[in-house]
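Asker: Turn this into a structure:
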Amino acid sequence: MGVVVVPRAASATACRSAVSLRGEPHEVQQLSRSLERYDEGGDPAASCRSWSVTIWRSGAQVTIELADGQGLTIVRQVSDVRVAAAVVDSWLHEEDVPAAAPPVAVVESTASVPPARTRDAVSLAVGPEAVAASDGTAWLGGQASACVAVGRFCAGAIAQGAVGRSIVGDPGTTRRFSGTLLAALHLPIALGAVTFIPGVGLGAGFTQVNTSDAAPADPTEPTGARRATDWDVIGSARAVLAIPLVGRLGVDVGGAFDLSLVPHALDTDGQGGAYPRDPRFFLRGGVALRYGRP
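Answerer: The predicted structure is shown next:
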């Protein structure tokens, strides 16, 4: 976490104050730009104190902590960064601060409030999934994802695969495989140490159906054996709870609802036997090992 030092205007007694900013990079940049607007015109009454300001986002609001290095600490929660800049500027120009107060060095110290949250530019996750299909069958699979921070959002891709439990019946024993590739958009929401990550996805999927049948006594009689691959458009609603472990490593616990947007018709073998239909939707739940803070 870096520190940005924003010089303040020099006063009539030639003293000079400064503000050191730290916290989430996006919020620090916005606060720095907002404070520069207050400096336009060079206010000669600026305080000689050196202030340390920590800023982080708490849900829809912004929290700031101001410390003057002399034992004074102020914590305020405001609606946005512009209001935070006004609060900071008001304390820099409080009237009861002597103009000739000696300067205080800016020192990095641990705050008594929760540290500012940081995000990595890229995060990766991979893990197993248990899947339930709309036809009542159970599947076992896994998923891998990559996400890139884009402002408050995280945009990326998700690859999923699953194998269904064998279905025995007429016209034979059927084994099914599915695969999906989604473009996804998530909104990470900090909840203390953990992060709640709801999101949506849209992409393409396929289901491969392999049906085998015992050879008939009459070699001229057709069997129910066949292989078919159906392609589909998939929409997805997802939610993950990201739990930090050590450093940039963490565990994701979450689930998804994947819906087939182009369902396929039921196929038959022409002799009264029906092949299992592609599931209309999948319910997924699983855990994943994550690298990178979302």
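
Asker: Show the subsequent helix or strand relative to the host helix or strand of Ser52.
Answerer: Using DSSP states H and E, Ser52 sits within strand 50-58. Per DSSP H and E, the first helix or strand lying C-terminal to strand 50-58 is strand 61-67.

Asker: so what's Thr180 up against?
Answerer: Neighbouring residues of Thr180 by C-beta atoms under 8 Å, 6 or more residues apart in numbering: Ile158, Ala159, Gln160, Gly161, Gly203, Ala204, Gly205, Phe206, Ile234, Ser236, Asp258. To be clear about C-beta, it is placed using only N, CA and C from the backbone, and glycine gets the same treatment.

Asker: And Val78, by the same measure?
Answerer: Each residue near Val78 by C-beta under 8 Å, 6+ apart is listed here: Gln61, Val62, Thr63, Ile64, Ala84, Val87.

Asker: Kindly provide the distance from it to Val88.
Answerer: 10 Å (C-beta to C-beta, to the nearest Å).

Asker: which neighbours do the two share?
Answerer: Shared contacts of Val78 and Val88 (C-beta under 8 Å, 6+ apart): Ile64.

Asker: quick one, the strand holding Ser52 and strand 61-67 angle?
Answerer: 160 degrees (axes from the mean of the first three to the mean of the last three C-alpha atoms, to 10 degrees).

Asker: Buried residues of strand 50-58, list them for me.
Answerer: Residues of strand 50-58 classed as buried: Ser50, Trp51, Ser52, Val53, Thr54, Ile55, Trp56, Arg57 (neighbour count, 16 or more other C-beta atoms under 10 Å).

Asker: Also stretch 134-154?
Answerer: Buried-residue list, stretch 134-154, by 16+ other C-beta under 10 Å: Trp139, Gly141, Gly142, Gln143, Ser145, Ala146, Cys147, Ala149, Cys154.

Asker: List just the nearest of these to Gly272.
Answerer: Comparing the buried residues of stretch 134-154 against Gly272 with C-beta to C-beta places Trp139 closest, at 27.2 Å.

Asker: which residues sit in contact with that closest one?
Answerer: Trp139 neighbours (C-beta under 8 Å, 6+ apart): Ala130, Val131, Ala132, Ala133, Ala162, Val163, Gly164, Arg165, Arg176, Ser178, Phe282.
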